[in-house]
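Asker: A structural model of the following input is requested.
(one chain, ligands or ions: 1)
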Amino acid sequence: MEKYIIKGGNPLVGEVEIGGAKNAALAILAASAMTDETVSIDNMPDVRDTNVLLQAMESIGVIVDRVGRHAVKINASQVRNHTIENEYIKKIRASYYLIGALLGKYRHAQVVLPGGCDIGLRPIDQHIKGFTALGANVTIEHGIINAYADKLIGSHIYLDVVSVGATINIMMAAVMADGQTIIENAAKEPHVVDLANFLNSMGANVKGAGTDVIRIKGVEKLHGSEYTIIPDQIEAGTFMVAAAATHGDVTVKNVIPKHLESISAKLVEMGCQIQESDDAVRVVASKRLTATHVKTLPYPGFPTDMQPQITVALGLASGISIVTESIFENRFRYVDSMIRMGANIKVEGSSAIIDGVEKYSGAEISAPDLRAGAALVIAGLIAEGFTSVDDIKYIERGYEDFHIKLGALGAQIERVDAEREAQKFRLKFA
Ligand code: EPZ
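Answerer: Purely as a prediction, here's the structure:
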């Protein structure tokens, strides 16, 4: 089984190029199926989640032409059916974006109830509420969601919780509905805005994305488009925190610094220096980090997808930090592994109380989910001795060439798929 093997201790130094945003790509790829004309997407991350979504789209007749590692042409004029099989939805939760996309275009979608990273209950009641408000009939039988409508009619929808997925799904279902849809209490994440911009580039009329009220005037049809996906806020944030945790000096390039403000602000509170330019952020950490408190919130708050990484960094900061997770109820599953590495962390309800220690020591651990997996790799980079991180399939859902990018910054890390290779690595860096 593939794993990362890491010899900790090197500060990360240098420059790293950030790829396209996974969570924007998933929404945009699904929305590409909403026109019969060809859509060209650039800056697409080559990660497992986007690749599985493209396979799910191919399974219903979408033609996917990979014109480069990060570029794809999509043509959905030959879609044969509107049923997404379990095999895809089991692998990635975001296949459920095809409900909004197919319902919006074909007035019908059938998708197995989603799974995805095990970070909490993750209900989809708000998605269903939105589809229903637009006039769809939504039933769930034997774990399959079936949504159909003779006609979709614009509606005024108030989301009870700020949900990225529901905002995106409702937006797609509404772009070709009759009349105006208003989504109140909408999510404001950068990928919500990116999807709105993409839909508008296809001829949709979406206004207000990035605020909590999104207004959508239905158009008759969408046309082809050429679109470049925004940089990945979370990949960038992960490298920023890795730089800070290893006492390094890293310039994270090809980013939108505005999207990183909540992360930069916390790193400054922890004693790092941050320099922003137009499309890069440099993080310098020259001394031991200091404790701070973090609470995850919807954008522009501190992202839940950065919670494990910042916790790993705070585990070595001087003083006591409290990290509160307010989005998902099961996102501290990595803490046990950190305790095995020497961290002093107690989880009480939705908060982790962290008493910073002087050092971590290497251990054999597993990635419990995507972001926690990345965080444990950071823990390995700062631990004494060797760490091996198993189950890296989770990390590869959302990080392209993670170990290669870290290696180029000076980390001692390798991806191995046999104990013999791990042994070789250990001998090389002993
Ligand atoms: C998206 O998940 C992201 N996934 C997640 O990233 C991210 O953690 C999350 O947003 C929050 O930012 C994608 O974009 C593909 P939500 P999503 O709906 O859409 C509750 C990663 O690591 N809720 O915003 O599933 C829900 O339980 C992944 O890249 C309802 O109650 O998240 C949660 O408490 C993991 N009913 C809160 O809302 C609903 O119908 C926010 O969830 C929907 C959500």
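Asker: can you count the residues close to the residue in the chain that the ligand sits nearest to?
Answerer: Here the residue of the chain nearest the ligand is Gly165; by C-beta to the nearest ligand atom that distance is 2.7 Å. Every residue, glycine included, has its C-beta placed from N, CA and C. Residues lying near Gly165 (other C-beta atoms under 10 Å) number 23.
Asker: Pop out the phi and psi values for the residue lying closest to it once chain neighbours are set aside.
Answerer: Excluding its sequence neighbours, the residue lying closest to Gly165 (C-beta to C-beta, 6 or more residues apart in numbering) is His127, at 6.4 Å. Backbone dihedrals for His127, given as degrees, to the nearest 10, come out at phi -60, psi -50.
Asker: Gly380 now?
Answerer: phi -60, psi -40.
Asker: circling back to that earlier point, my guess is the residue nearest to Gly165 contacts Leu103. True?
Answerer: No - using C-beta atoms under 8 Å, His127 is not in contact with Leu103; the gap is 10.2 Å.
Asker: one step back: if you average the pLDDT over the host helix or strand of the residue of the chain closest to the ligand, what comes out?
Answerer: Mapping Gly165 onto the secondary structure by DSSP states H and E places it in helix 164-174. The average pLDDT within helix 164-174 is 98.
Asker: Equivalent analysis for stretch 356-367, please.
Answerer: Rounded mean pLDDT across stretch 356-367 is 97.
Asker: got the CA coordinates for it in PDB?
Answerer: C-alpha atoms of stretch 356-367 as PDB (Å, rounded to 0.1, in the frame of the first residue of the first chain):
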ATOM      1  CA  GLY A 356       2.300  23.300  23.000                       C
ATOM      2  CA  VAL A 357       5.200  20.900  23.400                       C
ATOM      3  CA  GLU A 358       8.900  21.300  22.400                       C
ATOM      4  CA  LYS A 359       9.000  18.500  19.900                       C
ATOM      5  CA  TYR A 360       7.100  15.700  18.100                       C
ATOM      6  CA  SER A 361       8.600  12.300  17.500                       C
ATOM      7  CA  GLY A 362       8.100  10.300  14.400                       C
ATOM      8  CA  ALA A 363       5.500   7.500  14.300                       C
ATOM      9  CA  GLU A 364       3.600   5.200  12.000                       C
ATOM     10  CA  ILE A 365       0.300   6.800  11.400                       C
ATOM     11  CA  SER A 366      -2.600   6.900   8.900                       C
ATOM     12  CA  ALA A 367      -4.400   9.700   7.100                       C
END
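Asker: where along the stretch 1-150 of the chain do the helices fall?
Answerer: For the stretch 1-150 of the chain, the helices defined by DSSP state H, counting those that start in this stretch occupy 22-31, 48-59, 86-91, 97-106, 125-133.
Asker: Show me what the helix holding Gly165 is packed up against.
Answerer: helix 22-31, helix 97-106, helix 125-133, strand 180-184, helix 190-201, strand 213-217 (3 or more C-beta pairs under 8 Å, 6 or more residues apart in numbering; DSSP states H and E).
Asker: got any ranges where the stretch 1-150 of the chain has weak pLDDT?
Answerer: Residues of the stretch 1-150 of the chain that meet the criterion pLDDT under 70 lie in 115-121.
Asker: what does the stretch 101-250 of the chain have sitting close to the ligand?
Answerer: For the stretch 101-250 of the chain, the contact set with the ligand under C-beta under 6 Å from any ligand atom comprises 117, 120-127, 161, 163-166, 187.
Asker: which of those residues count as buried?
Answerer: Cys117, Arg122, Ile124, Gln126, His127, Ser163, Val164, Gly165, Ala166, Ala187 (16 or more other C-beta atoms under 10 Å).
Asker: quick one: which two of those are the most distant?
Answerer: For those, the maximum inter-member distance is 18.5 Å, found between Cys117 and Gln126 (C-beta to C-beta).
Asker: And the residues of the stretch 101-250 of the chain next to the ligand, which is closest to Leu289?
Answerer: Cys117 (27.1 Å).
Asker: The nearest residue to Tyr88 once chain neighbours are set aside - how many residues pack around it?
Answerer: Excluding its sequence neighbours, the residue lying closest to Tyr88 (C-beta to C-beta, 6+ apart) is Ala56, at 3.6 Å. Residues near Ala56, counting by other C-beta under 10 Å, number 24.
Asker: just Met172 next, same as before
Answerer: With other C-beta under 10 Å as criterion, Met172 counts 27.
Asker: for stretch 98-118, the distance to its chain's centre please.
Answerer: In this view, stretch 98-118 has its centroid 19 Å away from the chain centroid, taken as C-alpha atoms, centre = their mean, to the nearest Å.
Asker: I should have written stretch 282-302 there, sorry.
Answerer: With C-alpha atoms, centre = their mean, you get 18 Å for stretch 282-302.
Asker: For that stretch, buried residues please.
Answerer: Those would be Arg282, Val283, Val284, Ala285, Leu289, Ala291, Thr292, Val294, Thr296, Pro298, Tyr299, Phe302, for stretch 282-302 by 16+ other C-beta under 10 Å.
Asker: Which members of the residues you listed define the maximum pairwise distance?
Answerer: Pairwise over the buried residues of stretch 282-302, using C-beta to C-beta, the maximum falls at Val284 and Pro298, 29.3 Å.
Asker: Setting aside sequence neighbours, what's the nearest residue to Lys129?
Answerer: Nearest one to Lys129, counting by C-beta to C-beta, 6+ apart, is Ile157 at 7.1 Å.
Asker: what about Glu58, distance to Ile214?
Answerer: Glu58 sits 30 Å away from Ile214, going by C-beta to C-beta, to the nearest Å.
Asker: Those two: which is more packed in?
Answerer: Ile214 (26 against 13).
Asker: Would you check that the more buried one makes contact with Leu199?
Answerer: No - between Ile214 and Leu199 there is no contact under C-beta under 8 Å: 10.8 Å.
Asker: intersection of neighbour lists for these two?
Answerer: Residues touching both Ile214 and Leu199 by C-beta atoms under 8 Å, 6 or more residues apart in numbering: Met171, Val206.
Asker: Quick one: residues contacting Ala243.
Answerer: Leu12, Asp249, Val250, Val252, Cys272, Val283, Val284, Ala285, Leu409.
Asker: quick one: which two of these are the most distant?
Answerer: Longest span within the contacts of Ala243, C-beta to C-beta: Cys272 and Leu409, 15.7 Å.
Asker: Compare these two and say which is more crowded by neighbours.
Answerer: The neighbour count for Cys272 versus Leu409, taken as other C-beta under 10 Å, is higher for Cys272 (26 against 23).
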